[in-house]
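In: 3D model of this:
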Amino acid sequence: MATEESWDSLLRQGTGPVQESFLDLVRETRHYAGYSPDVIWGNLQTAQYAEAMLRLVVDFHGTPDDIRAGVAARTARAQYIGQEGRTYHVLLGEQALLTNIGGSEVMRGQLRRLAEAIDLPGLKLGIIPARARLLVYPGDGFALFDDRRAEVEGFRGAETITDPARLDVFRRAFDRLKVSAVYGPAARDLIEDTLNRT
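Out: Here you go, the predicted model:
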């Protein structure tokens, strides 16, 4: 169960345990809303992109090098998109399309995957253009799970939030951020334009 041990404690054991715990949380969640300003959302990461991301984590934090296990658990999240009535509303900053994780070839594969994902059932994927007017300051990336739990991750570690008043802050931030996003063909155009320049 994802709540039994903190992400930071699990990470000290390697990327495998923390990604397995996160996979449990994804499996239990029916309605997800998340904002990722500068990297691709974990559930849509290709194996190559996930490997490059987790390599950065291992190298930075000095955690055990079990990246293969971490990649397997992270990429397994994608199987739940569109399954059993689950819904995902995901916002990416345009910077997420541009942040170079793993090099040009990895990024091209990742951007192709993202463009294909726009039509997945149960997924509402929005991209906030770099020049879009924002109604709230960008802040850190975060994820809301069934509107009862938020996960916020950064250099300082990961934080799990369940306090109703603090959760409301993230709900309000998400509601304001989504107004600035583009969806459907406009989102695909942004992805494909970036792909053509990668």
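In: how close does the residue positioned nearest the centre of the chain get to residue 62?
Out: Nearest residue to the geometric centre of the chain (C-alpha atoms, centre = their mean): residue 41, 2.5 Å. Here the distance between residue 41 and residue 62 works out to 26 Å (C-beta to C-beta, to the nearest Å). In this view, the C-beta of every residue, glycine as well, is placed from N, C-alpha and C.
In: give me the pLDDT value at residue 93.
Out: At residue 93 the predicted local confidence, pLDDT, stands at 98.
In: burial of it, as a residue count?
Out: 23 (other C-beta atoms under 10 Å).
In: tell me the bridge partners for it.
Out: Beta bridges link residue 93 to residue 128 when assigned by DSSP bridges.
In: surely it meets residue 138?
Out: Yes - assessed by C-beta atoms under 8 Å, residue 93 is found in contact with residue 138 at 7.1 Å.
In: what sits in contact with each of the two?
Out: Common neighbours of residue 93 and residue 138, counting by C-beta atoms under 8 Å, 6 or more residues apart in numbering, are residue 37.
In: please save the CA atoms from stretch 185-198 in PDB.
Out: Extracted C-alpha coordinates of stretch 185-198, given in PDB (Å, rounded to 0.1, in the frame of the first residue of the first chain):
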ATOM      1  CA  PRO A 185      -5.900  19.300 -32.200                       C
ATOM      2  CA  ALA A 186      -4.300  22.400 -30.700                       C
ATOM      3  CA  ALA A 187      -2.400  20.300 -28.200                       C
ATOM      4  CA  ARG A 188      -1.300  17.900 -30.900                       C
ATOM      5  CA  ASP A 189      -0.100  20.800 -33.000                       C
ATOM      6  CA  LEU A 190       2.100  22.000 -30.200                       C
ATOM      7  CA  ILE A 191       3.600  18.500 -29.700                       C
ATOM      8  CA  GLU A 192       4.100  17.900 -33.400                       C
ATOM      9  CA  ASP A 193       5.700  21.400 -33.900                       C
ATOM     10  CA  THR A 194       8.100  20.600 -31.100                       C
ATOM     11  CA  LEU A 195       8.800  17.100 -32.600                       C
ATOM     12  CA  ASN A 196       9.600  18.700 -35.900                       C
ATOM     13  CA  ARG A 197      12.200  20.900 -34.200                       C
ATOM     14  CA  THR A 198      13.700  18.100 -32.100                       C
END
